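Chemist: Mind looking at a prediction? Sequence and model below.
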There are 2 protein chains.
Amino acid sequence: MAKTEKISPLAPDSFPDFPEIPGVWLATAATGMKYHGRDDLLCVSFPDGATVAGVLTRSQTASAPVDLCRKNLATGRRARALLVNAGNANAFTGRAGEQAMMSTVKAVSGKIGCETDEVYISSTGVIGEVMAAEKITAQIDRITEKLSPRGWQTAAQAILTTDTFAKGAVRQANIKDVPVKINGFAKGSGMIAPDMATMLAYVFTDAALPQNILQSLLKTAADKSFNAITVDSDTSTSDTLLAFATGAAGSCAITDINDPALTEFRAGFDDLLLDLAQQVVRDGEGASKFIEITVTGAEDGRAAKAIAMSIANSPLVKTAIAGGDANWGRIVMAVGKAGEAADRDRLEIIIGDQKVTEYGMAVPGYDEAACSRHLAGENIIISVDVGIARGSSTVWSCDLTHGYIDINADYRS
Amino acid sequence: MAKTEKISPLAPDSFPDFPEIPGVWLATAATGMKYHGRDDLLCVSFPDGATVAGVLTRSQTASAPVDLCRKNLATGRRARALLVNAGNANAFTGRAGEQAMMSTVKAVSGKIGCETDEVYISSTGVIGEVMAAEKITAQIDRITEKLSPRGWQTAAQAILTTDTFAKGAVRQANIKDVPVKINGFAKGSGMIAPDMATMLAYVFTDAALPQNILQSLLKTAADKSFNAITVDSDTSTSDTLLAFATGAAGSCAITDINDPALTEFRAGFDDLLLDLAQQVVRDGEGASKFIEITVTGAEDGRAAKAIAMSIANSPLVKTAIAGGDANWGRIVMAVGKAGEAADRDRLEIIIGDQKVTEYGMAVPGYDEAACSRHLAGENIIISVDVGIARGSSTVWSCDLTHGYIDINADYRS
């Protein structure tokens, strides 16, 4: 179990039913590396010909597994296996960490019967402790023998760390009348920030998509989902989002990213990534409220996102929302500190459905009680128009509570 | 009294003794605007010929008083009065707020007998509520009649909001054998971030310094002090640092910023600003530990400061320190997310006097118990070398505790 046994109040009611995706087989095992009484190792195998795309942390101190994924993606080769462990991030472990990782890669490629650069690795957990690779390699025989097309929820559970619930989403779409499936699961609840987090997410589809198309879809979807969420503004060394496409559905191969045949798939794919990303925020460490922030009227989309993230990351905004306090002056402050153009005297702020400011000051007689009622709920919606141009952006965050301090003031003990 | 009655555990033992500065007169009064049973209004008057310099918030939603200070500074005129109120920031109050402010400016200039653009204003408190200017103007007769060269500690107390102690510092220096005084006081404990905060600070000297020299000294000193501290990464709409120089000491006028006669003064001036800035951090909302972070080996000074601030602002680093947890992996994470060049494989981290990492991994057998003992203290020292070039920077921060949440989750109630 993750350290925090209490399930987030913002958790969805249940984990969705996952369909099988032919040729995508999963299994989990327990290494005992950090957790006891739970599985913490996930192995996924892919059929011949599966393409792979990835979006990885921009951290300057990326982990060995992130380096490996980046290198493998660059080869343009297919993917045959994914191995994920929870409990040790294998980040900042130098040459020893790289060797530890490679011993697990070799164990997997030997059992699966593939090249080492067809194996993708993710590790999440404490940074800076050398990983006991032998605890993983000791499980490889067992885990590869257990591989089966079922067990998606078990897979999603095995990769959790401080998460309080497993995060999964499924979608279906037609590509020229051929139905295809999209399955995804993710983990992450702290160190979540713009441009990823200790966030691991994996998407699997039986659509036929060349690597360049899959990469383009993934990058675009990530910018609107995983790169538009924040819990604490911290960015992990290990963030990894990978997508695998087997082609087994028999849909026609897409060669142009603008092909209209891709429209429905793209919508489902985008929606699934957003669903997963929002689940990560809903499991934000200590979160009691889910916050959606939309900024309009900015210079451009980039500026709008910068302002929205400034609001979403502000400890003062986040604590005010935790306290159900309609202290919108802090939103003004956060707009101001973003460093992007904003017309103070045209700034409009809407909380829930109450417009609280316009023309650079409070709306006379606005209904603060209605604001407070909105803030007393679990889903907080804030809209800000900064009065410059037409750039807009929506991001998602959570509040900052005593729970965050409890979880993080002594994570390792 | 400020909301939090408990004095910060990091508070200095006592407020220093302030010498009089001829012609600089002070008085305080109670407006009853927000606080009861305490003075919340400060007036300072200056003799003819006092120069003034200022460093103001970079917020795009700056308050009316900040706009006024910026406008007055641009005139190059002398300063005759300073009026500071606590309890209402008069920020984001539109035309009504500007009118409210101007009515206080006129009341002061009328009593002091000066032009309106020789009056400097600061306001601190809640953002977005129109200020009841009549509560201030009703006190102007009384406060201007009470002006005296004493009462510095009372002045420093009158401008506090969530602060738990008054912040003051004094220095002396010779300019070509003429002794001059430097007195300073400040307020601020939340919304403190790079490039200022709800931070108000005022420095007074009897040295003779033309405005351009004073401005240059102030800007340079601010970059190494008030712009090198952070409590919560939030930036106020009201940050104001002003310096006033009367020339009454009879020191020779300085016309060249590089004049060696300025060396001793500059050192005292810089030191006083750093002292005040560090007091602000020591009173950081909920702070239980004072943290000094030095980054070396960066591409240049700017990059070093960006990395240092990334560490200083990281909620995960700050909560780990609050918990006395030597979880230095989070420092690695914060270096990585700064987006500045850093050589993961040459990264060195020193906590207290323990080197915990070198060559991109943990120092084998480093003494974690010694780290933990250091982190159990109140003064935490962290040094990081990122192995790129020779840029360095030092910044100051505090830990993130339950106290911060307590103070901010319901500030207005």
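Modeler: The structure has been received and is ready for your questions. Just so it is clear, the model here is predicted, and its values are computed rather than measured.
Chemist: Quick check: which ranges of the stretch 251-400 of chain A have low pLDDT?
Modeler: Across the stretch 251-400 of chain A, not a single residue meets the criterion (pLDDT under 70).
Chemist: Please name the nearest non-neighbouring residue to the residue in it that chain B sits nearest to.
Modeler: As assessed by Cβ to the nearest Cβ, chain B sits closest to residue A:329 within the stretch 251-400 of chain A, at 2.7 Å. The C-beta positions use only the backbone N, C-alpha and C, and glycine is treated the same way. Closest residue to residue A:329 apart from its sequence neighbours, by Cβ to Cβ, 6 or more residues apart in numbering or on different chains: residue B:127 at 2.7 Å.
Chemist: Please tell me how far that neighbour sits from residue B:92.
Modeler: Distance check for residue B:127 against residue B:92: by Cβ to Cβ, to the nearest Å, it reads 5 Å.
Chemist: quick one: which of those two has more around it?
Modeler: residue B:92 (30 against 26; other Cβ atoms under 10 Å in any protein chain shown).
Chemist: So chain A: which segments form each domain?
Modeler: A:25-282, A:290-408 (automatic domain parsing).
Chemist: Output those domains in TSV; the columns should cover distance to residue B:349.
Modeler: Listed next are the domains of chain A as TSV, based on distance: least, Cβ to Cβ, whole Å:
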stretch	distance to residue B:349
domain A:25-282	9
domain A:290-408	19
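Chemist: closest to residue B:65 out of those?
Modeler: domain A:290-408 (13.6 Å; Cβ to Cβ).
Chemist: chain center to stretch A:277-292, what's the gap?
Modeler: 11 Å (Cα atoms, centre = their mean, to the nearest Å).
Chemist: So is it next to chain B?
Modeler: No. Contact between stretch A:277-292 and chain B is absent, the nearest approach being 9.2 Å (criterion: Cβ under 8 Å from any Cβ of the partner chain).
Chemist: just to revisit the earlier point, next up, the contacts around the residue of the stretch 251-400 of chain A closest to chain B.
Modeler: B:89, B:91, B:92, B:126, B:127, B:128, B:129 (Cβ atoms under 8 Å, 6 or more residues apart in numbering or on different chains).
Chemist: Export those as TSV, with columns for pLDDT and secondary structure.
Modeler: Formatted as TSV, the contacts of residue A:329 follow (pLDDT from 0 to 100; DSSP: H, G, I helix; E, B strand; the rest coil):
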residue	pLDDT	secondary structure
B:89	85	coil
B:91	82	coil
B:92	83	coil
B:126	79	strand
B:127	78	coil
B:128	80	coil
B:129	83	coil
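Chemist: Among those, which one lies nearest to chain A?
Modeler: Relative to chain A, and with distances defined as Cβ to the nearest Cβ, the nearest of the contacts of residue A:329 is residue B:127, at 2.7 Å.
Chemist: separation between the closest residue to residue A:250 other than its chain neighbours and residue B:309?
Modeler: Excluding the flanking residues, the one nearest residue A:250 by Cβ to Cβ, 6+ apart is residue A:178, at 5.9 Å. Taking Cβ to Cβ as the measure, residue A:178 falls 52 Å from residue B:309.
Chemist: Looking at the two, which one has more neighbours?
Modeler: Taking other Cβ under 10 Å, residue A:178 and residue B:309 do not tie; residue B:309 has more neighbours (25 against 15).
Chemist: Please name every helix or strand in contact with the helix or strand encompassing the more buried one.
Modeler: Using DSSP states H and E, residue B:309 sits in helix B:301-313. Packing partners of helix B:301-313 (3 or more Cβ pairs under 8 Å, 6 or more residues apart in numbering or on different chains; DSSP states H and E): strand B:290-298, helix B:329-337, strand B:379-385, strand B:391-398.
Chemist: right, so those: which one is the most enclosed?
Modeler: Mean neighbour count (mean count of other Cβ atoms under 10 Å in any protein chain shown) peaks for helix B:329-337 among those, with a mean of 28.
Chemist: Which parts of chain A are helices?
Modeler: A:64-75, A:94-112, A:133-146, A:152-158, A:211-224, A:263-282, A:301-313, A:315-322, A:329-337, A:368-376, A:402-408 (DSSP state H).
Chemist: Figure out which of these is closest to residue B:121.
Modeler: helix A:329-337 (18.4 Å).
Chemist: now that closest one, how far from the centre of its chain.
Modeler: 27 Å.
Chemist: Between strand A:290-298 and that helix, find me the angle.
Modeler: Counting by axes from the mean of the first three to the mean of the last three Cα atoms, to 10 degrees, helix A:329-337 lies at 50 degrees to strand A:290-298.
Chemist: Helix A:329-337 to helix A:301-313, inter-axis angle?
Modeler: Using the same axes, to 10 degrees: helix A:329-337 against helix A:301-313 is 140 degrees.
Chemist: how deep is the residue nearest to residue A:7 when sequence neighbours are not counted tucked in, by neighbour count?
Modeler: Sequence neighbours aside, residue A:164 is the residue nearest to residue A:7 in space, at 4.7 Å (criterion: Cβ to Cβ, 6+ apart). Using other Cβ under 10 Å, residue A:164 is surrounded by 22 other residues.
Chemist: Go ahead and confirm residue A:185 touches residue A:168.
Modeler: Yes. If you go by Cβ atoms under 8 Å, residue A:185 and residue A:168 touch, sitting 4.4 Å apart.
Chemist: Overlap in contacts, those two.
Modeler: Common neighbours of residue A:185 and residue A:168 (Cβ under 8 Å, 6+ apart) are A:152, A:156, A:276.
Chemist: Flag every residue of the stretch 251-400 of chain A that's near chain B.
Modeler: Residues of the stretch 251-400 of chain A lying near chain B (Cβ under 8 Å from any Cβ): A:313-316, A:319-320, A:322-323, A:325, A:327-330, A:332-342, A:344-345, A:347, A:357, A:359-362, A:400.
Chemist: 6 Å - rerun?
Modeler: A:314-316, A:319, A:322-323, A:325, A:327, A:329, A:332-333, A:335-337, A:342, A:344, A:360-362 (Cβ under 6 Å from any Cβ of the partner chain).
Chemist: Sweet, I'm off.
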